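Colleague: A structural model of the following input is requested.
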Amino acid sequence: MRHARSGTAPTCKDIACERLYRVTVGRRTICAFLSIGTVFAGRCRLMLPVFVGALTLPLAASAHEVYVLDHATVLRDIAAQSPNPLTAYAGNEIDFFFWGAVSVATTLAVLFASLYRRVESRFDSLVYRLKRLAHPMVRVTCSVCLIASGYYGALFGPELPFEPLFGSLSFFLQLAFVAGGAMVLVGLFTRYIAALLLALYLFAAIEDGLYLLTYANYIGMFLLLLILGSGIWSLDWRYRFARLPHALSQLARRFDHIAFPVMRVFFGFGLIYASVYAKFLHSQLALDVVARYHLTDYFPFDPLFIVLGALIIEFLAGLFLVIGFEIRWTSLFLLFWLTLSLLYFGEAAWPHLILFGLGLAIFFHGYDRYSLEGIFLKKHKLEPVL
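Modeller: Residues are numbered from 1 along each chain as shown. Predicted coordinates:
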């Protein structure tokens, strides 16, 4: 071995000096990268609240309008001719395309991160362990929702009190809801209770019309429990209560594979219909929320443009769940802004229990054979993480 400069054999001192030089350069290089990384991370931390705020900006009017407005205002806004939120695009083209680009970039980043093989392999065991919790989560959600409805004397939400629907039977219905919720919680006769609840939903839909479709998520939940029953960790499963006749049992098993897809589709459809109902057909409801809570003080946009953003984001969130695209990410995003909405607007918590519960159940279950990513992007036994 020859020394690079003198052409003579290197001495021990030369070798030691060269190693020290390399170590010093290496350390300086690492320190430089760490310094750059620290500055970048600091800037990211400063930008994170702005970025999160930007993502939640279109959701600033996303409270359930009939929960935060008084009854007289709701009736007046529904009867009034509401402005078309799509007209807010004119004059806000730059903001529209900018936040649209941010949303597209975020969606693609989540998609590519979820499909990265190392990420899929690392979280594969966790993903399949979570799937086992999905069915019990739906059952617990149904139980809590029934008990809350019975306690507050309203069907699905405070704007649907029992008294106008059931008259003198209201008190008995309250007791029945609480008792039924307790039975579903322990997993007793769940299928039969789900069948009765579906019939009750149909009766309420006949009375209240298409508005009940804002609660279409209840249909999906009842259908899932009707198909799958109580499942594991239940009295029906432990002691063989409420066993179906052989023919009905075989029929239920034939639909096992569509139980969660059906629930997911109805959940997404409920989001879509609610967004169209309150932010397009009756956009005055959302505009009154923007005005009453002075949201333009925090977000310097035209009120109708805020409503348009909320309409688009909620519609797309529902659509993603219906077609099965970025299911887990959409569930987390939904839970995030639901929490913000409850904290900011001070809404009643109990009507949102089904959104939190089914949102978690959808997150746990993830993709299925009828979801878009489950069909085209699932690799062997690995599925997209988010």
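Colleague: isn't residue 258 right next to residue 266, touching?
Modeller: No: here residue 258 does not reach residue 266: they are 11.7 Å apart, not a contact under CB atoms under 8 Å. (Each C-beta comes from the backbone N, C-alpha and C, glycine too.)
Colleague: more neighbours: these two, which one.
Modeller: Legend: neighbour count by other CB atoms under 10 Å for residue 258 and residue 266, higher for residue 266 (23 against 16).
Colleague: what helix or strand is the more buried one on?
Modeller: Element membership of residue 266, judged by DSSP states H and E, is helix 259-276.
Colleague: any buried residues in that helix, and which?
Modeller: Under the neighbour-count criterion of 16 or more other CB atoms under 10 Å, helix 259-276 has 259-276 buried.
Colleague: cool, and stretch 362-370?
Modeller: Those buried within stretch 362-370 under the rule 16+ other CB under 10 Å are 362-368, 370.
Colleague: again with stretch 144-153
Modeller: For stretch 144-153, the neighbour count (16+ other CB under 10 Å) marks 144-150, 152-153 as buried.
Colleague: need the residues you listed in a markdown table (columns: distance to residue 109 and secondary structure).
Modeller: Formatted as a markdown table, these follow (distance: CB to CB, whole Å; DSSP: H, G, I helix; E, B strand; the rest coil):
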| residue | distance to residue 109 | secondary structure |
| --- | --- | --- |
| 144 | 35 | helix |
| 145 | 35 | helix |
| 146 | 40 | helix |
| 147 | 40 | helix |
| 148 | 37 | helix |
| 149 | 40 | helix |
| 150 | 44 | helix |
| 152 | 41 | helix |
| 153 | 46 | coil |
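Colleague: and the two most separated of those?
Modeller: Across these, the longest distance by CB to CB is 16.1 Å; it joins 144 and 153.
Colleague: which parts of the stretch 151-300 of the chain are helices?
Modeller: For the stretch 151-300 of the chain, the helices defined by DSSP state H, counting those that start in this stretch cover 162-166, 170-186, 190-208, 216-228, 235-239, 246-254, 259-276, 283-292.
Colleague: so which of those gets nearest residue 100?
Modeller: That would be, of those and by CB to CB, helix 259-276, which comes in at 16.9 Å.
Colleague: returning to that earlier point: need the buried residues of stretch 144-153 in CSV (columns: pLDDT).
Modeller: Shown next, in CSV, are these (pLDDT from 0 to 100):
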residue, pLDDT
144, 96
145, 96
146, 96
147, 97
148, 96
149, 96
150, 95
152, 94
153, 94
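Colleague: hang on, the earlier thing: reformat the helices of the stretch 151-300 of the chain as CSV; add distance to residue 112 and mean pLDDT.
Modeller: Supplementary listing: the helices of the stretch 151-300 of the chain in CSV, determined by distance: least, CB to CB, whole Å; pLDDT from 0 to 100:
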stretch, distance to residue 112, mean pLDDT
helix 162-166, 49, 91
helix 170-186, 40, 95
helix 190-208, 39, 94
helix 216-228, 30, 95
helix 235-239, 40, 86
helix 246-254, 37, 78
helix 259-276, 23, 94
helix 283-292, 33, 89
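Colleague: got CSV for these, with distance to residue 319 too?
Modeller: Below are the helices of the stretch 151-300 of the chain laid out as CSV (distance: least, CB to CB, whole Å):
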stretch, distance to residue 319
helix 162-166, 31
helix 170-186, 30
helix 190-208, 23
helix 216-228, 14
helix 235-239, 35
helix 246-254, 28
helix 259-276, 6
helix 283-292, 19
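Colleague: compare the ones you listed and give me the one nearest residue 95.
Modeller: Distance to residue 95, taken as CB to CB, is lowest for helix 283-292 among these, at 15.8 Å.
Colleague: run through who's touching the closest one.
Modeller: Under the contact criterion CB atoms under 8 Å, 6 or more residues apart in numbering, helix 283-292 has outside partners 60-61, 63, 65-66, 68-69, 73-74, 77-78, 80, 82-85, 278-279, 295-296, 303-304, 306-307, 310-311, 345.
Colleague: can you select the buried ones among those residues for me in PyMOL?
Modeller: Buried residues within those, by 16+ other CB under 10 Å, are selected in PyMOL with:
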select buried, resi 60+61+63+65+66+68+69+73+74+77+78+82+85+278+279+295+303+304+306+307+310+311+345
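Colleague: among the helices of the stretch 151-300 of the chain, which is nearest residue 352?
Modeller: Checking the helices of the stretch 151-300 of the chain against residue 352 by CB to CB gives helix 216-228 as the closest, at 10.9 Å.
Colleague: so who does the residue nearest the centre of the chain touch?
Modeller: Taking CA atoms, centre = their mean as the criterion, residue 331 is the residue nearest the geometric centre of the chain, at 2.7 Å. Neighbour list for residue 331: 321, 359-360, 362-363 [criterion: CB under 8 Å, 6+ apart].
Colleague: separation between it and residue 271?
Modeller: Counting by CB to CB, to the nearest Å, the separation of residue 331 from residue 271 is 11 Å.
Colleague: any shared contact partners between the two?
Modeller: Any residue near both residue 331 and residue 271 by CB under 8 Å, 6+ apart counts here, and that gives residue 321.
Colleague: would you list the phi and psi of the closest residue in space to residue 111 that isn't next to it in sequence?
Modeller: Nearest residue to residue 111 in three dimensions, chain neighbours excluded: residue 326, at 6.4 Å (CB to CB, 6 or more residues apart in numbering). Residue 326 has phi and psi values of phi 50, psi 50 when expressed as degrees, to the nearest 10.
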